[in-house]
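**Q** mind folding the following:
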Amino acid sequence: MSDDVQLDYLPRLPTRRDWRIGCIGAGFIMRDCHLVAYRQAGFNPVAITSRNLENARAVARQHAIPAVHASIDELLTDQSIEILDVAVPPDLQPDVLRKAAEHGDHLRGILAQKPLAMSVRDARDVVERCQAAGIALAVNQNMRYDQSVRAMKDLLKRGWLGDPVLATIDMRAIPHWMPWSEHLHSLSTFVMSIHHLDTFRYWLGTPERVLASTRPDPRTKFPHTDGINLYILEYDSGTRAMSCDDVWTGPAREGAGSDIAIRWRVEGTDGLARGTIGWPSYPARTPSTLDFSTTQQAGSWLSPRWSEVWFPDAFVGTMAQLLCAVEDGAEPEIGGRDNLETIALCEAVYAAAQEHRVTTVAEFLV
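**A** As a prediction, this is how the structure comes out:
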């Protein structure tokens, strides 16, 4: 196996780049990730609105978006918009998507934030409404487009690691909890752990059973139940996945030394892969990494590298997969219906930790 092995880690881009995108939301994720990535890829955001109109105007000036709408309702009636890009808090998102499905007969596709909703019930409702309206619904599970995560998926597809045995993610990082997260019924599970849970689904599929434990984060002062999350995912195949989502990481902000990183590892019957996620260094551009070795390599390691980073480059992929689906008349790669299983997995983790029992994903999909 050559040292210059080329793994498939970049997204497929649409044939047409000028789909007219209307943006709902003007916070960090839209301003500093979506729109930066869209300009980089040559996509075409043409309108924006936000609950704070001044924020929308400022973002429109920053990214040369020609139209600012006074409200979500006004943007949804703009017949020139073909693609809707939604970046609002998850407890508000279902109502926005319901309105879009009801009034957006001109819309071809919607990219919704993760989590799609805070319950399977709400998520399923918007999925069915969008399907009935003929609108392709995709979910912005952007860690699937982290370069190391995508390259790892390619290794699994090629079968170079053999049958998966154990996959782990070890997160020691301090997130910035947005103000909208303070009143949600779940903090870490639906806001942070959802990245890793969806990544395990991307790599290995949906597990059958979940074991989990959680405790509040000492640094986060507003009331919450799930802070530091520990969970194990069981597959009937024998594969196991495990994550430690440590949002405390010790008193790194309180004067102690800092040891912040995200590391992952996948072990198979024929090989081993390990990697890092560069996101904790944001806004510094720190690419994620991947190293792997197989039984065919006589103990040596291969270390493909790339210049792209998760934030903001991965957001090219989340919009591209929707635009490709619209062009192909197909389900998006991260479609709303598939994402119901990620929401159900989040509910299973949350319930397992709160109720101190083994849960199944199936019980939350009914």
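**Q** can we go C-alpha only for contacts and neighbour counts from here?
**A** OK.
**Q** pull the residues that contact stretch 45-55.
**A** 20-27, 35, 38, 56, 60, 65-72, 75, 81 (CA atoms under 8 Å, 6 or more residues apart in numbering).
**Q** CA atoms only for that stretch, dumped as PDB, please.
**A** Backbone C-alpha positions of stretch 45-55 (Å, rounded to 0.1, in the frame of the first residue of the first chain) are rendered in PDB as follows:
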ATOM      1  CA  PRO A  45     -27.100  33.200  -0.900                       C
ATOM      2  CA  VAL A  46     -29.500  35.900  -2.100                       C
ATOM      3  CA  ALA A  47     -31.600  36.800   0.900                       C
ATOM      4  CA  ILE A  48     -31.400  36.700   4.700                       C
ATOM      5  CA  THR A  49     -33.600  37.400   7.800                       C
ATOM      6  CA  SER A  50     -33.200  37.000  11.500                       C
ATOM      7  CA  ARG A  51     -35.200  37.600  14.700                       C
ATOM      8  CA  ASN A  52     -32.700  40.500  15.200                       C
ATOM      9  CA  LEU A  53     -33.100  42.500  12.000                       C
ATOM     10  CA  GLU A  54     -29.900  44.600  12.600                       C
ATOM     11  CA  ASN A  55     -27.900  41.400  12.800                       C
END
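**Q** now that stretch: buried residues?
**A** P45, V46, A47, I48, T49, S50, L53, N55 (16 or more other CA atoms under 10 Å).
**Q** can you name the element that comes right after the longest helix along the chain?
**A** Using DSSP state H, we find that the single longest helix of the chain is helix 336-355. The C-terminal neighbour of helix 336-355 among helices and strands, as given by DSSP states H and E, is strand 359-360.
**Q** averaged pLDDT, that next one. What do you get?
**A** Regarding strand 359-360, the rounded mean pLDDT is 98.
**Q** direction included, what does that strand pair up with?
**A** strand 209-215 (antiparallel) (DSSP bridges).
**Q** right, and L365 touches C346 too?
**A** No. Between L365 and C346 there is no contact under CA atoms under 8 Å: 11.2 Å.
**Q** look at the two and report which has more neighbours.
**A** C346 (28 against 16; other CA atoms under 10 Å).
**Q** which residues touch the more buried one?
**A** With CA under 8 Å, 6+ apart, C346 has these contacts: T189, F190, S193, I194, L197.
**Q** again, but for Y231
**A** V210, L211, A212, S213, M242, S243, C244, V349.
**Q** with C23 instead?
**A** Neighbours of C23 in contact, by CA under 8 Å, 6+ apart: P45, A47, I48, T49, L84, D85, V86, A87.
**Q** next, it: secondary structure please.
**A** At C23 the chain is in strand, as set by DSSP: H, G, I helix; E, B strand; the rest coil.
**Q** check what pLDDT it gets.
**A** pLDDT, C23: 98.
**Q** correct me if wrong: P14 contacts M319.
**A** No. The criterion here is CA under 8 Å, and P14 misses it with M319 at 9.5 Å.
**Q** E355 and M118: what is the separation?
**A** Noted for E355: a distance of 18 Å to M118, by CA to CA, to the nearest Å.
**Q** neighbour count for those two, which is higher?
**A** M118 (23 against 12).
**Q** so who does the more buried one touch?
**A** So, once contact is read as CA under 8 Å, 6+ apart, M118 ends up touching P90, D91, F190, I343.
**Q** mind redoing it with 7 Å?
**A** P90, D91 (CA atoms under 7 Å, 6 or more residues apart in numbering).
**Q** quick check: phi and psi on A70?
**A** Here is the backbone geometry of A70 (degrees, to the nearest 10): phi -70, psi -20.
**Q** please, where are all the helices along the protein?
**A** Going by DSSP H, the chain shows helices at 28, 35-41, 53-63, 72-76, 93-103, 120-132, 147-158, 188, 194-204, 314-328, 336-355, 362-365.
**Q** which two from the buried residues of stretch 45-55 end up farthest apart in space?
**A** P45 and L53 (17.0 Å; CA to CA).
**Q** for beta bridges, what are the partners of L84?
**A** G22, I110.
**Q** which residues does it contact?
**A** So L84 contacts I21, G22, C23, G109, I110, L111 (CA under 7 Å, 6+ apart).
**Q** wait, the last one touches L137, no?
**A** What it means is L111. Yes. Counting by CA atoms under 7 Å, L111 does reach L137; the two are 6.2 Å apart.
**Q** settle this for me: Y145 is touching A320, isn't it.
**A** No. Look at Y145 against A320 with CA under 7 Å: they stay out of range, at 10.7 Å.
**Q** thinking again about what came up before, now for the helices of the chain, which one comes closest to A167?
**A** So among the helices of the chain, helix 194-204 is nearest, using CA to CA, at 7.8 Å.
**Q** show me what that closest one is packed against.
**A** Under the contact criterion of 3 or more CA pairs under 7 Å, 6 or more residues apart in numbering; DSSP states H and E, helix 194-204 touches helix 336-355.
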